[in-house]
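S.K.: Quick one, structure for this:
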Amino acid sequence: MMASKKQQQSRLDAMKPRVKPVDLFSSLKLELSALIVIATAIAFAMCWFLLKFGWSGWIAMPLTLVVALGITYFFSRGITAPLRQMRDVAEAMADGDYTVRVDIDQDRHDEVGKLARSFNEMAGELEHADKMRRDMIANVSHELRTPVSALQAMVENMADGVTEPTPTNLESILTQTQRLSDLIAFLLDLSRMEAGAASLNIEKFNFADFLDETIEPLEIADGGHAHDIRVTVPADITMEGDQDRLRQLFTNIIANALKHSADGTTVLVDAHEDENQGTIVTNVVNFGSQIAPSDRLDIFRRFVKGKTGPGTESGGTGLGLSIARWAAQLHGGTVKVVDDTRGADFEIILPKYHIAER
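M.R.: Reported below is the predicted structural model:
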């Protein structure tokens, strides 16, 4: 495989343009037109010169054509070199090497130059996707192995009579089983995201009651961290949507805030209705911590994990926030991090009425 990559790189290096293309034009058509005009002018001048000095037309004309073709071929290689490179890069990527790029002059602004830069951007995205895929396999393998190993050990101990099936031990088994269930749910949601759509069960419901039902299990799971989830939402707000999908959205956002909050601190869930826009705006504020503006888009990408400290990644699959954004988009809404001096502020904007119903 290493030899193959070296051969591919050598071939790509050999394909780098050694002839400076015509960079005076921003259009490939103009470049080719200029090349044809120049080659024709040189051929005409050469033919006139040869005929003037007594050369036979049967000799002058073929020789002139050969020279014109040679000039055209020589300069056209510089114009079309990126196309040949793109072919070789595509073959390298087909073999699994996503690190290769087309070598293109940044001052080149014709269609070939733009295509080469777009090709490099696509290659970069494919390289990132391949890295995320490999990271996902490693993450999922780790996430599956941990609860499965714990379950296997506990069940074997019970089967051998080493451990008694006490309520505490059974609760531990239930906890590990729930971890597996959550991971499978994440993977199923990921497959739905990849498919680009999901069926929605639209119904009208009270938003305040919905938030209470969503937050209650989070408070129970929070256990000894002593977080205070403060909810401020008018009791009479109603909206239309799929409660299961919206519960994923709010559960993931609020759970993320709890995960990145110090013990004993407060997480604020503040909701209000924007009557002018016909939306419900919810802010989930994690007091104290902040998210750098440069990271605010990346945290919603799949498999990107937040930081719990300097150089330390948080646990989990790195799918929670991407699933939250997907659930919001299914309802025609948005979720983003906004500036807030109090701390990390996730703003969720959802239409009050389902778009398809209006």
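
S.K.: Run through the helices of the stretch 251-358 of the chain in chain order.
M.R.: 320-330 (DSSP state H, counting those that start in this stretch).

S.K.: how about the strands in it?
M.R.: Per DSSP state E, counting those that start in this stretch, the stretch 251-358 of the chain carries strands over the ranges 266-274, 279-287, 307-309, 312-313, 334-338, 343-351.

S.K.: could you dump those to TSV with distance to V67 and mean neighbour count?
M.R.: Backbone N, C-alpha and C define where each C-beta goes, glycine included. Listed next are the strands of the stretch 251-358 of the chain as TSV, based on distance: least, CB to CB, whole Å; neighbours: other CB atoms under 10 Å:
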stretch	distance to V67	mean neighbour count
strand 266-274	73	18
strand 279-287	71	21
strand 307-309	65	12
strand 312-313	64	10
strand 334-338	63	16
strand 343-351	68	21
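
S.K.: Compare these and give me the one nearest A60.
M.R.: Closest to A60 of the strands of the stretch 251-358 of the chain, according to CB to CB: strand 334-338, at 71.8 Å.

S.K.: Can you work out which other helices and strands pack against the closest one?
M.R.: Under the contact criterion of 3 or more CB pairs under 8 Å, 6 or more residues apart in numbering; DSSP states H and E, strand 334-338 touches helix 320-330, strand 343-351.

S.K.: next one: it to chain centre, how far?
M.R.: Computed by CA atoms, centre = their mean, to the nearest Å, the chain-centroid distance of strand 334-338 equals 16 Å.

S.K.: And for stretch 289-304?
M.R.: Using CA atoms, centre = their mean, the offset of stretch 289-304 from its chain centre is 12 Å.

S.K.: Return it as CSV; C-alpha atoms alone will do.
M.R.: Below are the C-alpha coordinates for stretch 289-304, written out as CSV (Å, rounded to 0.1, in the frame of the first residue of the first chain):
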residue,chain,number,x,y,z
SER,A,289,-18.4,28.4,30.8
GLN,A,290,-18.1,29.9,27.3
ILE,A,291,-17.7,28.5,23.8
ALA,A,292,-15.2,30.3,21.5
PRO,A,293,-16.7,31.8,18.4
SER,A,294,-14.4,29.7,16.2
ASP,A,295,-15.8,26.5,17.8
ARG,A,296,-19.5,27.3,17.6
LEU,A,297,-20.0,25.7,14.2
ASP,A,298,-17.7,22.8,14.7
ILE,A,299,-19.5,21.5,17.8
PHE,A,300,-22.6,20.7,15.7
ARG,A,301,-20.6,18.5,13.4
ARG,A,302,-20.9,14.8,13.8
PHE,A,303,-18.5,13.0,16.1
VAL,A,304,-17.0,16.3,17.4
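
S.K.: how about N201, what does it touch?
M.R.: D242, Q243, D244 (CB atoms under 8 Å, 6 or more residues apart in numbering).

S.K.: The first one contacts H331, correct?
M.R.: Yes - counting by CB atoms under 8 Å, H331 is a contact partner of D242 at 7.3 Å.

S.K.: that older thread, between the contacts of N201, which sits nearest Y353?
M.R.: D242 (13.3 Å).

S.K.: distance of that closest one from V269?
M.R.: Per CB to CB, to the nearest Å, D242 is found 20 Å from V269.

S.K.: same deal with H331?
M.R.: In this view, H331 and V269 are 18 Å apart by CB to CB.

S.K.: before we move on, the earlier item: just put the helices and strands packed on strand 334-338 in a markdown table and tack on distance to Q152 and mean pLDDT.
M.R.: A markdown table is the format used below for the helices and strands packed on strand 334-338 (distance: least, CB to CB, whole Å; pLDDT from 0 to 100):
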| stretch | distance to Q152 | mean pLDDT |
| --- | --- | --- |
| helix 320-330 | 27 | 85 |
| strand 343-351 | 38 | 93 |
